[in-house]
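**Q** could you look at this predicted model? Sequence included:
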Amino acid sequence: MKSSKYSWFFLFTGEKMHISEGVLSAPVLVTGAALAVTGISVGLKKMDYEKIPQVAVLSAAFFVASLIHVPMGPSSVHLILNGINGLLLSWLCFPSILIALALQAILFQFGGITVLGVNTITMALPAVIGYYLFGRLIKEKNRLLSLAAAFACGFFSVFLSGILVAGALLSTGESFISAAKLILLAHIPVMIIEGIITMFCVAFLKKVKPELLEGVYEKR
Amino acid sequence: MKKGNNIRFSFIILFLTSIILTGSNVPALAHKVIIFAWVEGDTVFTESKFSGGKKAINARVEIFDKDGKKLLEGKTDNKGEFSFKIPKLTDLRIVLNAGMGHKAKWTVPESEIREAGNILEKKSAVEPSGPTTVGLSKEEVKKIIEDSLDKKLRPIVRMITESKNTKPSLTEIIGGIGYIFGLMGVALYFKNRRKKR
């Protein structure tokens, strides 16, 4: 790959969805943290007793997903699994993803503690948006439609995460278009794989435990 | 009943994920990339690898000075190594670009170069007057010791770089999952207490 101006900003980032320490400026970090706190408080307010184990398991899934590599040219990208997180947890995916990211930062040195807020936003916000866009469609009786929605949700969440990461890098003087292009291109296989994973999860849940998909709506 | 089902389902997901995880343990392609450099005499040696231990082959290495001016560039060989003569007495910023945004950086401070360079300068100063004295001068002895130390320490330096950047170990992964479930326990405990009240 030809190096150009923008690749400088991945200098400290081994992997791309997690923005590393020392890349972003303070205002972006603070904004990200403030937004993340808002999302997390909404999530915590909605969290009730029955949901806690589910949040923990999806958090654990998110935590290990980043270790599953998808080979891409001379390097590789990894799974994110934020789509299924959002679909099953809606706003609760904020605390779920925050905890997983914090542990990834501490144990694997992915991302970092100061960028925790920004990283939480870039991964959890698309998940919540994906939930609002596709959550209702997934309940559809029409099997094909619901599976297509599940695929779209997994695909879209990663896509939007890429856009948000590029947006965050904007503050570093990075050109948005080139950063977004680089990130999105690299993550096309991840988007497809996550779409398929989300699809299988939804198909499985519909068969085994449809209440889990409905439950989120009933509580409201 | 409902709760029991929830948890059972949750464990199924976790189980499947762990299967995928162990199944995909093939990734020779890894996550982070690291470059490590050290000075020997007037040459800087660099070694590049991905966090899985795989060498970064044919990756571009660029050398910048303190002010960000590019001094030279080259490619790593099939052992992930690249060496170059010191072009200038300054802090050398070595940047590795292994493609796909995989970049790493290492700085060789000026003091380190000066230290290594000193030996050379002294050696050349000593040489002309060399034959007149019998035995070895202090500088020559120093130089020989430094040289052999460099040589002997090289594998150790290598070992340190290797240990510095390994991929997440199984203990870390399981530890992380353990933390998450521990937190779940704490959350359930507090929720439960509130409920009882």
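**A** Yep, it's here.

**Q** for residue B:49, which three-state class applies?
**A** Secondary structure, DSSP: H, G, I helix; E, B strand; the rest coil: residue B:49 is strand.

**Q** in stretch B:36-43, which residues are buried?
**A** Within stretch B:36-43, the residues that count as buried by 16 or more other CB atoms under 10 Å in any protein chain shown are B:36, B:37, B:38, B:39, B:41. Every C-beta, even on glycine, is put in place using the N, C-alpha and C of the backbone.

**Q** using CSV, list the CA coordinates for it.
**A** What follows is stretch B:36-43, C-alpha atoms only, in CSV (Å, rounded to 0.1, in the frame of the first residue of the first chain):
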residue,chain,number,x,y,z
PHE,B,36,13.2,-2.1,17.2
ALA,B,37,16.5,-0.5,16.5
TRP,B,38,20.0,-0.5,18.1
VAL,B,39,23.3,1.1,17.2
GLU,B,40,26.5,-0.7,16.6
GLY,B,41,29.4,1.4,15.7
ASP,B,42,28.3,3.6,12.8
THR,B,43,25.4,1.4,11.7
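
**Q** circling back: reformat the buried residues of stretch B:36-43 as CSV; add distance to chain A, secondary structure and pLDDT.
**A** As requested, the buried residues of stretch B:36-43 are exported to CSV (distance: CB to the nearest CB, whole Å; DSSP: H, G, I helix; E, B strand; the rest coil; pLDDT from 0 to 100):
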residue, distance to chain A, secondary structure, pLDDT
B:36, 15, strand, 79
B:37, 16, strand, 82
B:38, 21, strand, 78
B:39, 22, strand, 80
B:41, 29, coil, 74
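
**Q** give me the three-state assignment for residue B:73.
**A** Residue B:73 - assigned by three-state DSSP - is strand.

**Q** and it, bridged to which residues?
**A** As for beta bridges, residue B:73 partners with residue B:62 under DSSP bridges.

**Q** contacts only, for it.
**A** The contact partners of residue B:73, by CB atoms under 8 Å, 6 or more residues apart in numbering or on different chains, come to B:60, B:61, B:62, B:63.

**Q** measure the closest residue to the last one other than its chain neighbours to residue B:196 for me?
**A** Leaving aside its sequence neighbours, residue B:63 sits nearest to residue B:71 (CB to CB, 6 or more residues apart in numbering or on different chains; 4.7 Å). From residue B:71 across to residue B:196, the span is 69 Å (CB to CB, to the nearest Å).

**Q** settle it for me: which of the two has more neighbours?
**A** Taking other CB atoms under 10 Å in any protein chain shown, residue B:71 and residue B:196 do not tie; residue B:71 has more neighbours (16 against 6).

**Q** what number of residues lie near the residue lying closest to residue A:176 once chain neighbours are set aside?
**A** Nearest non-adjacent residue to residue A:176, counting by CB to CB, 6+ apart: residue A:170, 5.1 Å away. Residues near residue A:170, counting by other CB under 10 Å, number 15.

**Q** that's a strand at residue A:170, yeah?
**A** No - counting by three-state DSSP, residue A:170 is not part of a strand but helix.

**Q** gap between it and chain B?
**A** Using CB to the nearest CB, to the nearest Å, one obtains 16 Å as the distance from residue A:170 to chain B.

**Q** now for residue A:49, how many residues are close by?
**A** 13.

**Q** likewise for the one 5 residues further on?
**A** When neighbours are defined as other CB under 10 Å, residue A:54 has 23 of them.

**Q** now residue B:179
**A** Residues near residue B:179, counting by other CB under 10 Å, number 19.

**Q** packing partners for the helix or strand it falls within?
**A** Element membership for residue B:179 (DSSP states H and E) is helix B:170-196. Counting contacts by 3 or more CB pairs under 8 Å, 6 or more residues apart in numbering or on different chains; DSSP states H and E, helix B:170-196 is packed against helix A:51-65, helix A:93-103.

**Q** and chain B, is the last one touching that?
**A** Read it as helix A:93-103. Yes - under the criterion of CB under 8 Å from any CB of the partner chain, helix A:93-103 makes contact with chain B via A:99, A:100, A:103.

**Q** surely the second one touches residue B:180?
**A** Yes - counting by CB atoms under 8 Å, residue A:100 does reach residue B:180; the two are 7.1 Å apart.
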